[in-house]
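In: Sequence plus predicted model, see below.
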Amino acid sequence: MTAVPLNHEEILGMAQARRDRRAAKLADGARRLAAASGTRLPSADELLRGHPVLGEDIRRDIEGFVDRALRGLRHPEATESLRRLAEAARGTIQDARGGDDAILAAIRACSLPPEADPDGTIRLRCVIYAALLGDVDAAHVVAAEAALAAYVQDWHLEGDGSDLVWQAVGWSAFAASRVEAFRPLPYALAEMPSVRDRVDAFAEDFRLKVGRLLDETDRT
């Protein structure tokens, strides 16, 4: 079948879409750098996309997030829950492993009813924190949230619309690796202490493998 030639408006629209995606990709990179340097608190959606936590320090991120969330929160139970979470983050700086357990306990004890968190962003962020601290059930939830976010996002407005897809697969692979029932982790992954490092390594490996396969398919 002969391809229908593009009209002038379609060509201009495609060029604009490429410019928009390029601009979105540059902005995304700037936001990632700002989060890593500790000058900008990332959103829950950005954490789903693989952005680093504030200053690459989850305790600092929790404190910044709670401080911001409490400004407009009027629900007593939710307020007290988040304050306990911030206290757990502040009180565990010198005790990394025990500190992780204390933060996880504070997250699991959070009372965040729908009226206190109508859009679910506070609960989502707490689940992301739990996943970053190694909670397998939370990792499954984050994988599902990332996959759903990828499905409903406006792909033509994204700098790299596949970021969420790879993060979803990476979180799923991380959760599966925690079962440890069938096969050991590859050596490089087994040596990574950080959950985020493992997830990002899984995600990047999937991205590279799919990219290589597409290149090979295009050449045949």
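Out: Cool, got the structure.

In: CA only for contacts and neighbour counts going forward, please
Out: Will do.

In: Give me the three-state assignment for residue 52.
Out: Classification of residue 52 by DSSP: H, G, I helix; E, B strand; the rest coil places it in coil.

In: which residues of the protein score low on pLDDT?
Out: Applying pLDDT under 70 to the chain flags the ranges 1-13, 92-98, 218-220.

In: ok, longest helix in it?
Out: helix 8-37 (DSSP state H).

In: got the contact list for stretch 200-220?
Out: By Cα atoms under 8 Å, 6 or more residues apart in numbering, the list of residues contacting stretch 200-220 from outside reads 50, 166-171, 173-174, 189.

In: Could you provide these in JSON lines, with additional columns for secondary structure and distance to residue 207?
Out: Output for the contacts of stretch 200-220, formatted as JSON lines (DSSP: H, G, I helix; E, B strand; the rest coil; distance: Cα to Cα, whole Å):
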{"residue": "50", "secondary structure": "coil", "distance to residue 207": "14"}
{"residue": "166", "secondary structure": "helix", "distance to residue 207": "7"}
{"residue": "167", "secondary structure": "helix", "distance to residue 207": "10"}
{"residue": "168", "secondary structure": "helix", "distance to residue 207": "12"}
{"residue": "169", "secondary structure": "helix", "distance to residue 207": "10"}
{"residue": "170", "secondary structure": "helix", "distance to residue 207": "10"}
{"residue": "171", "secondary structure": "helix", "distance to residue 207": "13"}
{"residue": "173", "secondary structure": "helix", "distance to residue 207": "13"}
{"residue": "174", "secondary structure": "helix", "distance to residue 207": "15"}
{"residue": "189", "secondary structure": "helix", "distance to residue 207": "16"}
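
In: Highest neighbour count among these?
Out: Highest neighbour count within those: residue 171, with 31 neighbours (other Cα atoms under 10 Å).

In: circling back: output the contacts of stretch 200-220 in CSV, with distance to residue 84 appended to each entry.
Out: Listed next are those as CSV, based on distance: Cα to Cα, whole Å:
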residue, distance to residue 84
50, 26
166, 33
167, 29
168, 30
169, 32
170, 30
171, 27
173, 31
174, 28
189, 33
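
In: just how off-centre is the longest helix of the chain within its chain?
Out: Computed by Cα atoms, centre = their mean, to the nearest Å, the chain-centroid distance of helix 8-37 equals 20 Å.

In: sorry, back to before: quickly name whichever of the contacts of stretch 200-220 is closest to residue 135.
Out: residue 174 (10.4 Å; Cα to Cα).

In: And for that closest one, nearest residue in space, chain neighbours not counted?
Out: In space, residue 174 comes closest to residue 199 once its chain neighbours are excluded; the distance is 5.9 Å by Cα to Cα, 6 or more residues apart in numbering.

In: From what I see, the one you found and residue 175 are in contact.
Out: No: in this structure, residue 199 is not within contact of residue 175 by Cα atoms under 8 Å, at 9.2 Å.

In: the more surrounded of these two?
Out: residue 199 (25 against 22).

In: how far away is the residue most central in space within the chain from residue 17?
Out: Residue closest to the average C-alpha location in the chain (Cα atoms, centre = their mean): residue 48, at 2.1 Å. Applying Cα to Cα, to the nearest Å, the value for residue 48 to residue 17 is 24 Å.
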